[in-house]
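K.L.:
got a structure for you, letters missing:
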């Protein structure tokens with residue numbers, strides 16, 4: 001366990017960065033046909049695969065596999 005203590009000023013200056021592009025890439029990668037998703041994502045992956053069947057915009061993801 002890591003414990004980080006911040007005063008009010010440090011906490012106010014703290015920023016958490018996320019990458020929507022990374023989220024999108026990982027989601028598309030998880031939806032690829034050869035992947036077996038873990039239980040929390042099974043229903044989502046089934047639906048995503050149905051949608052992606054008719055959409056070729058995920059083609060670049062296959063190039064990185």
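P.N.:
All right, it came through fine. From a predicted model like this one, the values you see are computed outputs, not experimental measurements. Numbers count the residues shown, from 1 in each chain.
K.L.:
alpha carbons only for contacts and neighbour counts from here, please
P.N.:
Will do.
K.L.:
And for residue 36, the neighbour number?
P.N.:
Residues near residue 36, counting by other C-alpha atoms under 10 Å, number 12.
K.L.:
List the buried residues for the strand or helix carrying residue 27?
P.N.:
According to DSSP states H and E, residue 27 maps onto helix 20-30. Under the neighbour-count criterion of 16 or more other C-alpha atoms under 10 Å, helix 20-30 has 28-30 buried.
K.L.:
Over to stretch 6-24?
P.N.:
Buried residues in stretch 6-24 (16+ other C-alpha under 10 Å): none.
K.L.:
next one: stretch 58-65
P.N.:
For stretch 58-65, it's none, nothing buried (16+ other C-alpha under 10 Å).
K.L.:
all strands for this structure, in order.
P.N.:
Taking DSSP state E as the criterion, the chain carries no strands.
K.L.:
Would you map the helices across it?
P.N.:
In the chain, helices defined by DSSP state H lie at 8-12, 20-30, 42-53, 59-63, listed in chain order.
K.L.:
Give the other helices and strands that the second one contacts.
P.N.:
Contact analysis of helix 20-30 by 3 or more C-alpha pairs under 8 Å, 6 or more residues apart in numbering; DSSP states H and E lists helix 59-63 as its packing neighbours.
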